[in-house]
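> please work out how this folds:
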Amino acid sequence: MGGLFRHVQDLVTGQQAAGIAAGVVCGEAPGNDACAAQLATLEAQCGLGLHVVPMRRLPGFGDVSNMREIGALIDRLRPDVVHGHGAKGGLLARLASTHHEAIRVYTPHGGTLHYSGMTPHGLAFLAAERLMRGWTDGFIFESEFSRSAFIAKIGQPRAPTAVIHNGLATNEFLPVGHADAAADFLFIGELRMLKGVSTLIEAVRHLNRPVRVRIVGDGTDRAHFEALARSLPPNAHVEFLGAMPARAAFRLARIVVMPSWHESLPYVALEAAAAGIPLIATRVGGLPEIFGGEAHRLVAPGDAAALSQSLAAALAEPGEIAASAIRLRARVAQMFSVTEMVASINGFYARILDGRRSRRAPAPAVPVLEGAGR
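Coordinates of the predicted model:
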């Protein structure tokens, strides 16, 4: 229910407003009331319905039955476009629709691009991506970083490509005020190793002053991070608050920290910038594209000492980081619009569909003048 879900929800909502009927296949039943509410909101926007097909995150034998079920759904609904989001979504969307007329579009959202070809899993995943290039009619990347990573790790796409950034709605640029007992720093995201939470906790360990950190989110590595936090010295206080909406979380601290080891184009960075919250982040994925002229402030991923220096500087010079937040907010408002995102994706679909129709159209009849010669 993270950034990929947010992207799909925004896209489907915008497509409904544009008169396009969209449906969603997702691989998780609601895990709690908050997730159930989000899925119910999304389902109300789905002209072709919302369909839960339980599936594993990693590839396995269950993918065969998943492909059959999704293929039967495509047979029944007969969409013009099947768009796979993320590694598993991209795999199933393309394989399940190989015998159908729909065009097949793929957006990695990081996914397999986070893997190295030097590991067994990475070697297998990247090989599968190379194979599926021939079963893809169009690639949409949410950042220039993702397109470059795809070319470097997988090879040149064999179909049209576009870079279309994630975007925000106008109301997300309303400022968010701090609560009375705001902490110094806030992390918000999935509690997984690749999000760099352990790097943040180690960076806090190096601070020689009282500091308060709030961690919002949930995930498979939460217990590990909680154990690390318990080993901190008394001057460092870390709270784990569970999942909540981003704008509600922003009220809980003065500065947002994104210590990720890997990212694509994270919504949390866009949302924090739009809300006017100062942001400290690592130089990964599409974050330099978000920061633009402020990219010199980005920190090397996995470097707890460098991150600690950035945290200390932000506490020592609040005026400087506040001024940077104002500049970043203006850049995001100019370049990252959800209206533009939806229109660009719809336009990309239309270009591929028009190209297919023109290739399949019969050649015009050529008039022939016949006569008898002498």
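> and the helices in the stretch 101-250 of the chain, which stretches?
Shown for the stretch 101-250 of the chain, the helices assigned by DSSP state H, counting those that start in this stretch span residues 120-132, 144-153, 197-205, 222-230, 246-250.
> winner for burial among the ones you listed?
helix 197-205 (a mean of 24; mean count of other CB atoms under 10 Å). All C-beta spots, glycine's among them, are computed from the backbone N, C-alpha and C.
> tell me the angle of that one relative to helix 222-230?
Taking axes from the mean of the first three to the mean of the last three CA atoms, to 10 degrees, helix 197-205 and helix 222-230 form an angle of 10 degrees between their directions.
> how about the contacts made by the closest residue to A149 other than its chain neighbours?
Spatial nearest neighbour of A149, chain neighbours left out: L113 (4.5 Å); criterion: CB to CB, 6 or more residues apart in numbering. Residues in contact with L113, defined by CB atoms under 8 Å, 6 or more residues apart in numbering, are S146, A149, F150, K153, S264.
> and if we set it to 7 Å?
Contact analysis of L113 by CB atoms under 7 Å, 6 or more residues apart in numbering lists S146, A149, F150, K153.
> so it versus R147, what's the distance?
With distances taken as CB to CB, to the nearest Å, L113 is found 10 Å from R147.
> so the nearest residue to A18 once chain neighbours are set aside: helix, strand or coil?
Leaving aside its sequence neighbours, A18 sits nearest to N346 (CB to CB, 6+ apart; 6.1 Å). Counting by DSSP: H, G, I helix; E, B strand; the rest coil, the backbone at N346 sits in helix.
> hmm, N346 is touching Q16, no?
No: N346 is not in contact with Q16 according to CB atoms under 7 Å; the separation is 11.5 Å.
> list the contacts for V82?
I74, A93, S97, A102, R104.
> check the gap between R230 and L123 for me.
Going from R230 to L123 by CB to CB gives 37 Å.
> one more: P160?
Counting by CB to CB - P160 and L123 are separated by 28 Å.
> how far is stretch 110-117 from where the chain is centred?
Relative to the chain's own centre, stretch 110-117 is displaced by 14 Å; criterion: CA atoms, centre = their mean, to the nearest Å.
> just the CA trace of that stretch, in PDB.
These are the backbone C-alpha positions of stretch 110-117, laid out as PDB (Å, rounded to 0.1, in the frame of the first residue of the first chain):
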ATOM      1  CA  GLY A 110      12.200   0.200  -9.200                       C
ATOM      2  CA  GLY A 111      11.400  -3.500  -8.700                       C
ATOM      3  CA  THR A 112      14.000  -5.700 -10.500                       C
ATOM      4  CA  LEU A 113      16.100  -2.600 -11.200                       C
ATOM      5  CA  HIS A 114      17.200  -2.700  -7.500                       C
ATOM      6  CA  TYR A 115      18.900  -6.100  -8.000                       C
ATOM      7  CA  SER A 116      22.500  -6.700  -9.000                       C
ATOM      8  CA  GLY A 117      23.300  -9.200 -11.700                       C
END
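> in that stretch, what's buried?
G110, G111, T112, L113, H114, Y115 (16 or more other CB atoms under 10 Å).
> now do the same contact list for the last one.
So the one you mean is Y115. Counting by CB under 7 Å, 6+ apart, Y115 touches H121, G122, F125, L126.
> not counting its neighbours along the chain, what's nearest the first one?
Counting by CB to CB, 6+ apart, H121 lies nearest to Y115, which is 6.3 Å off, once chain neighbours are set aside.
> over to A272?
V256 (4.3 Å).
> right, and the helix or strand after the helix or strand the one you found falls within?
If you go by DSSP states H and E, V256 is part of strand 253-258. Counting by DSSP H and E, the next helix or strand C-terminal to strand 253-258 is helix 267-274.
> could you pull up the mean pLDDT of that next one?
Averaged across helix 267-274, the pLDDT comes to 95.
> equivalent analysis for stretch 107-117, please.
For stretch 107-117, the mean per-residue pLDDT is 81.
> now that stretch, how far from the centre of its chain.
Stretch 107-117 has its C-alpha centroid displaced from the chain centroid by 11 Å (CA atoms, centre = their mean).
> need the distance between the two termini of it.
20 Å (CA to CA, to the nearest Å).
> can you give me the strands in the stretch 251-374 of the chain?
Using DSSP state E, counting those that start in this stretch, the strands of the stretch 251-374 of the chain run over 253-258, 279-281.
> which of the ones you listed sits most buried?
Most buried of the strands of the stretch 251-374 of the chain by mean neighbour count (mean count of other CB under 10 Å) is strand 279-281; its value is a mean of 27.
> extract the C-alpha set from stretch 210-220 and format it as PDB.
Provided in PDB are the C-alpha atoms of stretch 210-220 (Å, rounded to 0.1, in the frame of the first residue of the first chain):
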ATOM      1  CA  PRO A 210      19.500  15.000  22.700                       C
ATOM      2  CA  VAL A 211      17.500  14.000  19.700                       C
ATOM      3  CA  ARG A 212      14.000  12.700  19.100                       C
ATOM      4  CA  VAL A 213      13.000  10.600  16.100                       C
ATOM      5  CA  ARG A 214       9.600   9.300  15.100                       C
ATOM      6  CA  ILE A 215       9.300   6.300  12.700                       C
ATOM      7  CA  VAL A 216       6.000   5.900  10.900                       C
ATOM      8  CA  GLY A 217       5.200   2.800   8.900                       C
ATOM      9  CA  ASP A 218       5.200  -0.900   9.100                       C
ATOM     10  CA  GLY A 219       7.000  -3.800   7.400                       C
ATOM     11  CA  THR A 220       8.900  -7.100   7.700                       C
END
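> identify each buried residue in that stretch, please.
For stretch 210-220, by 16+ other CB under 10 Å, it's V211, R212, V213, R214, I215, V216, G217, D218.
> ok, back up a step: could you dump the contacts of Y115 into TSV with distance to A269 added?
Shown next, in TSV, are the contacts of Y115 (distance: CB to CB, whole Å):
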residue	distance to A269
H121	27
G122	25
F125	25
L126	26
